[in-house]
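A.B. asks: need a 3D model of the following:
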Amino acid sequence: MSNSFGILFDKNTKDLTSILEEINNGFQHEVMEISPAIFNNMIITYSLEQQKHVIYYMYDDEDGVSLNFKAISAHPIFEEDCVFMALYEPPTQMFPGLTKDMLPSIGVVPRLDPNFKEGNIQQSNVDARLSFNEMLSHLTKVTNKQDDYIQYMENHKRSKKERTFGEITSIADFEKRCLDHEKGCAIGLIPAMDIIDYEKANYEQHVDTLQQLDDYSKLMPVYYSWVNVTCHPEWLKFFDIDPFQVPSVAFYIPDKNVVGKLIGKFDLETIQDHQEKFVRGKLPTWAPKSKPSQMVVEEHNCQAAIAEEQDSSNGIGEMTDEDKALEEEILREIMEEQAEREKKEAEESKRKKKSDKGKKKKGKKGKKGRKDEL
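C.D. replies: Okay, the predicted model is just below:
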């Protein structure tokens, strides 16, 4: 999945500093922060032993590694044979000719001859202040990846797909409506019960809500679809979602195989709020027990499955108002517990960020390029 996401802000916003800081801190990248003491060993390990190009970013200020460099580190053409590093306050004695006013700067060490023993290692330098496209152009040249980049862009143009909102009834549908987009998926989990009063979910209204969300999300990296979980309960097992929690929405990232879920009412506003958290990496997620390739969509006679479910429910008698109130109370308690758990996780994350920020102010060395989550 490509690393894209949306940021929502008021049209009257003038100061974008906090927004840009959040994007920079939340962007998923492949940059390893290393210390000067192990720099030479890392060069030998990757460029000689693993035969990879080493691309490193040198800086000495509080701004840290630039967003452009982070974005390039995550570009697919560099994935197989390039390693990205960051070096904070590089000792000038290690780099003859380097002065502080030259920072930030990018160095590139190409893969070494397998027979290399010792001596000077030739490298290239790229201005770290270049725009994204200029920086990408220079790095594809020094790593001999111009042809790879051209081929990638051609494939990307050909593979661009239209939104494919609709029902998932098979693995082919799952691939078409979710996996093939290589983005995030929001899959509505909707029960098809529409006769028994206490389980009536207004099926058409739920589908219409998801259709509106997909229409509103045309510029967002989220693709909506839906599943009839009365007919295909295996999806609840795959996403590890309790049947008592439907109707719901599974927010799924296929290439990471992680999923988050809707907590609260199944309505436009609540789902949009969860979508925003999802694209900003703020929605709690977990890993399903199975991978997408292991998912099996069973063949069902859906009408028979619905009738069987209804007969089973009718067999225990019509629910009284007291029974309905009790069930609603149980569901409310479940959602409150989940909301409280989410709140605690958010507070813990906030506390950890404050702690990390305090460390940065003390020695600047806390500002290291850890990999961020989506």
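
A.B. asks: let me know the helix or strand that N125 is in.
C.D. replies: Using DSSP states H and E, N125 sits in strand 124-127.

A.B. asks: list the helices and strands the next helix or strand after that strand packs on?
C.D. replies: Moving toward the C-terminus from strand 124-127, the next helix or strand (DSSP H and E) is helix 132-142. In this structure, helix 132-142 packs against helix 67-73, strand 105-109, strand 124-127, helix 146-159, with contacts taken as 3 or more CB pairs under 8 Å, 6 or more residues apart in numbering; DSSP states H and E. For glycine as for every other residue, the C-beta is placed from the backbone atoms N, C-alpha and C.

A.B. asks: what residues sit buried inside helix 132-142?
C.D. replies: For helix 132-142, burial by neighbour count (16 or more other CB atoms under 10 Å) applies to M135, L136, H138, L139, T140, V142.

A.B. asks: can you give me the distance of the first one to G166?
C.D. replies: When you say that, I think you mean M135. For M135, the distance to G166 equals 40 Å [CB to CB, to the nearest Å].

A.B. asks: same check, this time on the third one
C.D. replies: When CB to CB is the yardstick, H138 and G166 sit 44 Å from each other.

A.B. asks: do the same with the last one
C.D. replies: In this structure, V142 and G166 are separated by 45 Å, where distance is defined by CB to CB.

A.B. asks: likewise the fourth one?
C.D. replies: Distance of L139 to G166, computed by CB to CB: 40 Å.

A.B. asks: need the three-state assignment for I55.
C.D. replies: strand (DSSP: H, G, I helix; E, B strand; the rest coil).

A.B. asks: quick one, what contacts it?
C.D. replies: S73, F78, C82, V83, F84, M85, I106, G107, V108, V109, L139, T143 (CB atoms under 8 Å, 6 or more residues apart in numbering).

A.B. asks: any idea what it is bridged to?
C.D. replies: For I55, the beta-bridge partners under DSSP bridges are F84, V108.

A.B. asks: any chance of TSV for the contacts of I55, columns distance to E336 and pLDDT?
C.D. replies: Rendered in TSV, the data for those read as follows (distance: CB to CB, whole Å; pLDDT from 0 to 100):
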residue	distance to E336	pLDDT
S73	41	91
F78	46	91
C82	48	93
V83	46	94
F84	44	95
M85	46	94
I106	50	94
G107	53	91
V108	54	93
V109	55	91
L139	50	93
T143	53	92
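
A.B. asks: would you turn those into a markdown table with distance to D173?
C.D. replies: Putting the contacts of I55 into a markdown table (distance: CB to CB, whole Å) gives the following:
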| residue | distance to D173 |
| --- | --- |
| S73 | 34 |
| F78 | 33 |
| C82 | 36 |
| V83 | 38 |
| F84 | 37 |
| M85 | 42 |
| I106 | 44 |
| G107 | 48 |
| V108 | 44 |
| V109 | 47 |
| L139 | 39 |
| T143 | 39 |
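
A.B. asks: spatially nearest residue to T230, not counting backbone neighbours?
C.D. replies: Once its chain neighbours are removed from consideration, T230 has its nearest residue in A192; the separation is 4.1 Å (CB to CB, 6 or more residues apart in numbering).

A.B. asks: wait, the one you found sits on P233?
C.D. replies: No: using CB atoms under 8 Å, A192 makes no contact with P233, being 11.0 Å away.

A.B. asks: got the contact list for the strand holding N125?
C.D. replies: Applying CB under 8 Å, 6+ apart, the set of residues contacting strand 124-127 from outside is S105, I106, G107, V108, P110, M135, H138, L139, V142.

A.B. asks: now distance to K277 too, for these, in CSV please.
C.D. replies: CSV is the format used below for those (distance: CB to CB, whole Å):
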residue, distance to K277
S105, 37
I106, 34
G107, 38
V108, 37
P110, 42
M135, 31
H138, 36
L139, 33
V142, 39
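
A.B. asks: which of the buried residues of helix 132-142 lies closest to I34?
C.D. replies: Within the set of those, L139 lies nearest I34; the separation is 18.8 Å, counting by CB to CB.

A.B. asks: what distance do you get for that closest one to P104?
C.D. replies: Relative to P104, L139 is positioned 14 Å away (CB to CB).
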